[in-house]
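Peer 1: sequence unavailable; structure follows:
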Ligand code: S3P
C-alpha cells in the first residue's frame, strides 16, 4: 500500500472532533492479564490493529476463549496463571515487539515449551535485553544468532525472584521482568534508569495484583494471582500525536481529540510541542481503570526549534518520527540527543527519518543518538517508510506543509497501530490518497 499526499499548503489545516483508535500498549496488556486472570474480563476501546490482534491470537492459540473484537469490545474468559496450554505451532507475533518481549517474560514461567517468531522487522530486533534478565532468573530462552528472534522458551524451569537494574530505559524490558516475577517465589524488583510507561504496573493493580513502586523501582511478589477486571482502553496518545503535530504545523487548524490517554509517562509529546510553541489544551480530564484520560484541543501555531530535554525522550519515544516533522516546520534549529533507542524500533527511526526528510529537501542530519534539523521549506518527493507504521504516518502529516506531493512507499504496516488512519485524516482535511498496489 502506498500513500500520495497532496501538497500545496492547505489553508484550513485539520478540523473536526475525532477519536483515534485505542492505546496499543494498554490493549496488549488487557489481553495478557485478562487471559491469566480468574474470571471473565470485558475490554472496551480495544485497538483492532494487527499488533494487538497478534497478542489476542497468541492467547487463543494457547487455549484462551476470547470473543471479539467487535467495535472495540472483547470478552476474555481467563484461565488463571497456570491455565494456558501449549500452542500447536510457533506463535507468530508479526511486527509486534511488545508482544514478543512481554510474552517472553510471561511464558518463561509456564510448564510447556513455546517458540515466538515475527516478521522481517521484528526478526532483526534485539532480544538479549529480555533474555539476559530472564536467564538470571533461571529461565531458559534460546535465540537465533546475536540474540535475535525467534525465541525458543524451554518450559518447566524454576524461576528465582531477583532485583534487576535495567541498562536501558525500556517499558518492555521492565514489564517482561515483572511478568516473569509473578511466576517466581518472592519479590522481583526492577529499577529503571529513566521513567518509562507504567501501564503494566497500573493494570496489574487493576487485576488485583500487588505491585509496589517507589522512585524508579517497581516490585511484584510471586506467586501472584490475577482477578478478572473490566478495562476501558483510552485513545492512543501515540496515534493522537500525528494529529497534534499536523494541526500545529498547518495554518487554520483547530481540532479536538477525544478521550486520549494522558498517563504522565506518555505525555512527553505534549510537553515537547508546548516547548516548541504549540497551542495545546487538555480538558475534561477523568480517570478510567487507573489511567488518566482527557480531551485535547490543538490549534495551529508558529513552532520554534529547541534542544529537546533528554528527560522527555523516553516519555515521547514513539512520537519522534512526527516530532522530526514538527522540527522541520519550526523556525530555527531543533536538536535531539539521548534518543539512541530510536535506532532499534520497527525501523532505524533516526536514519529512515533523516533520509526521508532529506529527500524532501529538509536540512536534517542524523547523529548517533538523535538528529539536528534546521527548519525550512518542505518540498514534494518520494519517501520510504521501510515498513514502519509511524514513519508512514509522520510523512503523511508533512504533506500539510509541503510545496509538492509526497509519495510514501510501504504503508501496509500502518494497520499495526492505526487502522483507518488515512480515512480519518482525510475527514479532517488531509488530502491523502491510498493506492493498493
Ligand atoms: C512499549 C514500550 C516502548 C514503545 C513500544 C511500546 C510498551 O518500547 O516504544 O511502542 O507497550 O511497553 P521500549 O520498551 O522498547 O522502549
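Peer 2: Arrived safely, thanks for sending. On a predicted model such as this, the values are computed, not experimentally measured, just so you know.

Peer 1: how about the residues of the stretch 1-150 of the chain by the ligand?
Peer 2: Within the stretch 1-150 of the chain, the positions lying close to the ligand (Cβ under 6 Å from any ligand atom) are 25, 98. Every residue, glycine included, has its C-beta placed from N, CA and C.

Peer 1: where does pLDDT dip in the stretch 1-150 of the chain?
Peer 2: Within the stretch 1-150 of the chain, the segments meeting pLDDT under 70 span 9.

Peer 1: so which residue of it comes closest to the ligand?
Peer 2: Going by Cβ to the nearest ligand atom, the ligand is nearest to residue 25 of the stretch 1-150 of the chain, at 3.2 Å.

Peer 1: that residue: how many residues sit nearby?
Peer 2: 29 (other Cβ atoms under 10 Å).

Peer 1: quick check: closest non-adjacent residue to it.
Peer 2: In space, and not counting its chain neighbours, residue 25 is closest to residue 199: 5.0 Å by Cβ to Cβ, 6 or more residues apart in numbering.

Peer 1: and the one you found, how many neighbours does it have?
Peer 2: Other residues near residue 199 come to 23 when the count uses other Cβ under 10 Å.

Peer 1: residues in contact with it?
Peer 2: With contact taken as Cβ atoms under 8 Å, 6 or more residues apart in numbering, residue 199 is in contact with 23, 25, 26, 29, 171, 263, 291.

Peer 1: so the last one sits right up against residue 266, yeah?
Peer 2: Just to be clear, that refers to residue 291. No: the criterion here is Cβ atoms under 8 Å, and residue 291 misses it with residue 266 at 9.5 Å.

Peer 1: who has more neighbours out of the two?
Peer 2: Neighbours were counted for residue 291 and for residue 266 using other Cβ under 10 Å; residue 266 has more, 29 against 22.

Peer 1: so what's that one scoring on pLDDT?
Peer 2: Listed pLDDT for residue 266 reads 98.

Peer 1: how about it, secondary structure?
Peer 2: coil (DSSP: H, G, I helix; E, B strand; the rest coil).

Peer 1: ok, now the one 4 residues further on?
Peer 2: Reduced to three states with three-state DSSP, the structure at residue 270 is helix.

Peer 1: my read: the residue of the stretch 1-150 of the chain closest to the ligand touches residue 171, true?
Peer 2: Yes: if you go by Cβ under 8 Å, residue 25 and residue 171 touch, sitting 7.4 Å apart.

Peer 1: okay, and the common contacts of those two?
Peer 2: By Cβ under 8 Å, 6+ apart, the residues touching both residue 25 and residue 171 are 197, 199.

Peer 1: which stretches of the stretch 301-437 of the chain have low pLDDT?
Peer 2: Across the stretch 301-437 of the chain, nothing is flagged by pLDDT under 70.

Peer 1: do you have the helices of it handy? List them.
Peer 2: Along the stretch 301-437 of the chain, counting by DSSP state H, counting those that start in this stretch, helices occupy 320-329, 349-359, 389-398, 421-427.

Peer 1: export those helices to CSV and tack on distance to residue 128 and mean neighbour count?
Peer 2: Below are the helices of the stretch 301-437 of the chain laid out as CSV (distance: least, Cβ to Cβ, whole Å; neighbours: other Cβ atoms under 10 Å):
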stretch, distance to residue 128, mean neighbour count
helix 320-329, 23, 29
helix 349-359, 20, 22
helix 389-398, 24, 29
helix 421-427, 33, 18
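
Peer 1: the ligand is nearest to which of the ones you listed?
Peer 2: When those are compared for distance to the ligand using Cβ to the nearest ligand atom, the nearest one is helix 389-398, at 8.7 Å.

Peer 1: the closest one to helix 349-359, inter-axis angle?
Peer 2: Compare the direction of helix 389-398 with that of helix 349-359 by axes from the mean of the first three to the mean of the last three Cα atoms, to 10 degrees and you get 30 degrees.

Peer 1: and helix 389-398, how far out from the chain's middle?
Peer 2: Here the centre of helix 389-398 is set off from its chain's centre by 15 Å, with Cα atoms, centre = their mean, to the nearest Å.

Peer 1: what does stretch 358-375 give?
Peer 2: 23 Å.

Peer 1: mind listing what's buried in it?
Peer 2: For stretch 358-375, the neighbour count (16 or more other Cβ atoms under 10 Å) marks 359-362, 364, 366, 369-375 as buried.

Peer 1: among those, which pair sits farthest apart?
Peer 2: Distance extremes for these: the farthest pair is 361 and 369 at 24.6 Å, using Cβ to Cβ.

Peer 1: enumerate every residue touching the closest residue to residue 328 other than its chain neighbours.
Peer 2: Distances taken as Cβ to Cβ, 6+ apart place residue 362 nearest to residue 328, at 4.5 Å, with adjacent residues excluded. By Cβ under 8 Å, 6+ apart, the residues touching residue 362 are 328, 373, 374, 376, 378.

Peer 1: just flag the most distant two among those.
Peer 2: Going by Cβ to Cβ, the pair spanning the contacts of residue 362 furthest: 374 and 378, at 12.2 Å.

Peer 1: got the helices of the stretch 301-437 of the chain as JSON lines, with distance to residue 244 columns?
Peer 2: JSON lines is the format used below for the helices of the stretch 301-437 of the chain (distance: least, Cβ to Cβ, whole Å):
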{"stretch": "helix 320-329", "distance to residue 244": "8"}
{"stretch": "helix 349-359", "distance to residue 244": "17"}
{"stretch": "helix 389-398", "distance to residue 244": "10"}
{"stretch": "helix 421-427", "distance to residue 244": "13"}
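
Peer 1: closest to residue 259 out of the ones you listed?
Peer 2: Evaluated with Cβ to Cβ, the helices of the stretch 301-437 of the chain place helix 421-427 nearest to residue 259, the distance being 14.5 Å.

Peer 1: which helices and strands sit right next to that closest one?
Peer 2: Packed against helix 421-427 by the contact rule (3 or more Cβ pairs under 8 Å, 6 or more residues apart in numbering; DSSP states H and E) you find strand 15-18, helix 237-249, helix 389-398, strand 432-435.
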